[in-house]
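> Just a sequence and a predicted model for now, questions to come.
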Amino acid sequence: MTQDVRDLLRVEPGAAVDLDAHDPRARPAGPRRKADAAAEMAQLGERLDPLQEALYAAGSTGEGRSVLLVLQGMDTSGKGGVIRRVAGLVNPQGLQIAGFGRPTAQERRHHFLWRIRRQVPCPGRIGIFDRSHYEDVLVVRVQGLVGEDVWRPRFAEINIFEQELAAAGTTIVKVFLHISPDKQLERLLARLDEPAKRWKWDPADVEARAQWGAYQRAYEDILHRTSTLNAPWYVVPGDRKWYRNWCVARLLLETLEELDPRVPQPKFDVAAERARLLASEPDR
């Protein structure tokens, strides 16, 4: 039995975080080889499928719980890859995926959480955020788009917001995909060197890479200030794509197993309905 990955990767509430002490190529649990990870991913999918179906079924009553998977990380850390490989293990009908890039003119006219609240998963759904409200204490800080008097109070607002979500029935799983600068360089070069990947290239990635240290310190602050009992952060080693995907799938599985969603019992007489169906004749 694999050790609970949540325990291994969780940032404990209030703990100081030094990302330099986290190895992006670490494999603290689970498969040691890519081939083994592929086999285990298939097994994880088999276990996730009935849990997601039960979650979705319970949500059909309007009273079920939901799960929110938040993905954050530097450019090329693999947020899109996780969505393809991990979300692909379950029925897409039960997913609610949202990406948060630069805010639009309309979004900038509202509170920074306005666009986030609009994408919170409905009961029964697994929501996935590709970037999130954390951009508003990350990018704006590093790039100096707003002053510290604006971004720093947002930590408290975010904690209150996530506490409200948890109280309303949303289980929050926040994942920081931790990669090394060498691996990022390799992946950015691939975007330029491989024609099929050039659509991903953004010249701004070079400027962001030049601010690597500032982003790492900002992320350390985020992990330290906003990992809570109701909304913990998990630092996932991201240099090995196959291991990264296994970790996130395992985190999701452990979360759903703990929730233990149940298919709601019917509010009708099953035997009577079966008899009525057998006695029915279609209008030909």
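Structure's in. What do you need? Numbers count the residues shown, from 1 in each chain.
> Show me the helices in the protein, by range?
Taking DSSP state H as the test, the helices found in the chain are 5-9, 34-59, 79-86, 105-108, 114-117, 139-142, 148-151, 154-167, 181-193, 204-210, 212-226, 241-259, 270-279.
> Most tightly packed of the ones you listed?
Greatest average neighbour count among these goes to helix 241-259 (a mean of 21), per mean count of other Cβ atoms under 10 Å. Where you see a C-beta, it was placed from the backbone N, CA and C, and this is true even at glycine.
> which other residues reach stretch 40-53?
Stretch 40-53 is contacted by residues 30-31, 85, 89-91, 94, 126, 245-246, 249-250, 252-253, 256-257, 259, 261, 263 when judged by Cβ atoms under 8 Å, 6 or more residues apart in numbering.
> pretty sure Leu165 is touching Val120, no?
Yes: taking contacts as Cβ atoms under 8 Å, Leu165 lies within contact range of Val120: 6.5 Å.
> overlap in contacts of the two?
Contact criterion Cβ under 8 Å, 6+ apart; residues shared by Leu165 and Val120: Leu68.
> Please convert the helices of the chain to CSV, extending it with distance to Val17 and mean pLDDT.
Converted to CSV, the helices of the chain look like this (distance: least, Cβ to Cβ, whole Å; pLDDT from 0 to 100):
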stretch, distance to Val17, mean pLDDT
helix 5-9, 12, 97
helix 34-59, 26, 96
helix 79-86, 20, 96
helix 105-108, 29, 95
helix 114-117, 23, 98
helix 139-142, 16, 96
helix 148-151, 18, 98
helix 154-167, 14, 98
helix 181-193, 18, 96
helix 204-210, 20, 93
helix 212-226, 4, 98
helix 241-259, 17, 98
helix 270-279, 53, 96
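> closest to Ala98 out of these?
Between Ala98 and the helices of the chain, the shortest separation by Cβ to Cβ is 8.5 Å, and it involves helix 114-117.
> and the residue lying closest to Ile126 once chain neighbours are set aside, what does it touch?
Nearest residue to Ile126, sequence neighbours excluded (Cβ to Cβ, 6 or more residues apart in numbering): Val67, at 4.8 Å. Neighbouring residues of Val67 by Cβ under 8 Å, 6+ apart: 55, 121, 125-127, 170-173, 252, 255-256, 259.
> can we see that at 7 Å?
Ile126, Gly127, Thr171, Val173, Thr255, Leu256 (Cβ atoms under 7 Å, 6 or more residues apart in numbering).
> Val11 now?
Val11 sits in contact with Val17, Leu223, Ser227, Pro232, Trp233, Val235, where contact means Cβ under 7 Å, 6+ apart.
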